[in-house]
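> Sequence and predicted structure below; questions after.
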Amino acid sequence: MGFERTRALPKPTPGELDILNVLWRLGQATVRQVHEDLNRTRPAGYTTVLKLMQIMADKGLVSRNEDQRAHVYETRVPQIQTQRQLVRDLLDRVFDGSATNLVMQALSARKASSEELAEIRRLLDDYERGAR
């Protein structure tokens, strides 16, 4: 269908995922911009962020535009694709492939708001209609 996997991308580490989240939100950014954004929630050394972003470029998680003095980075993979990859991995490793167990644990781990529950119901209805 619409989603095809061409090659297995490396699974981002937790630190890499933090950087990816910044880049998904900003679109593209320099190391300094990512470093400043990350430091709002937790301390991160500039050289650590720089090294992680260089490794991420080598792994193919981000691309680096070297046309300017300060290199500009952006993600190479859409957020939804990375989320699907991580959920698929979690589903297989932890829940033995059971989407039911995954959803039940997700709902029991943190209370969902009434708005979130309504959205989940709508998504399930849409999914059922599409599956027929």
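Everything's here; your move. Note that this is a predicted model, so its numbers are computed, not measured. Numbers count the residues shown, from 1 in each chain.
> what ranges do the strands span in this structure?
In the chain, strands defined by DSSP state E lie at 29-30, 62-65, 72-75, listed in chain order.
> can you redo the ones you listed as a markdown table with mean pLDDT?
As requested, these are arranged in a markdown table below (pLDDT from 0 to 100):
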| stretch | mean pLDDT |
| --- | --- |
| strand 29-30 | 96 |
| strand 62-65 | 93 |
| strand 72-75 | 96 |
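> will you turn these into TSV that also has mean neighbour count and distance to residue 48?
Where you see a C-beta, it was placed from the backbone N, CA and C, and this is true even at glycine. As requested, those are arranged in TSV below (neighbours: other CB atoms under 10 Å; distance: least, CB to CB, whole Å):
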stretch	mean neighbour count	distance to residue 48
strand 29-30	18	15
strand 62-65	16	16
strand 72-75	19	15
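> if you count residues, which helix in the chain comes out on top?
Using DSSP state H, we find that the single longest helix of the chain is helix 114-131.
> Give me the residues contacting that helix.
residue 112 (CB atoms under 8 Å, 6 or more residues apart in numbering).
> what's the average pLDDT for it?
Helix 114-131 shows a mean pLDDT of 90 in the predicted model.
> How far away from the center of its chain is it?
Its chain's C-alpha centre and that of helix 114-131 lie 22 Å apart, by CA atoms, centre = their mean, to the nearest Å.
> With stretch 32-42 instead?
Taking CA atoms, centre = their mean, the mean C-alpha location of stretch 32-42 is offset from the chain mean by 17 Å.
> Adjust the sequence numbering to begin at 493 for everything that follows.
Renumbered: residue one is now 493, and that last one reads stretch 524-534.
> in that stretch, what counts as buried?
Neighbour counts using 16 or more other CB atoms under 10 Å place 525-527, 529-530 of stretch 524-534 among the buried residues.
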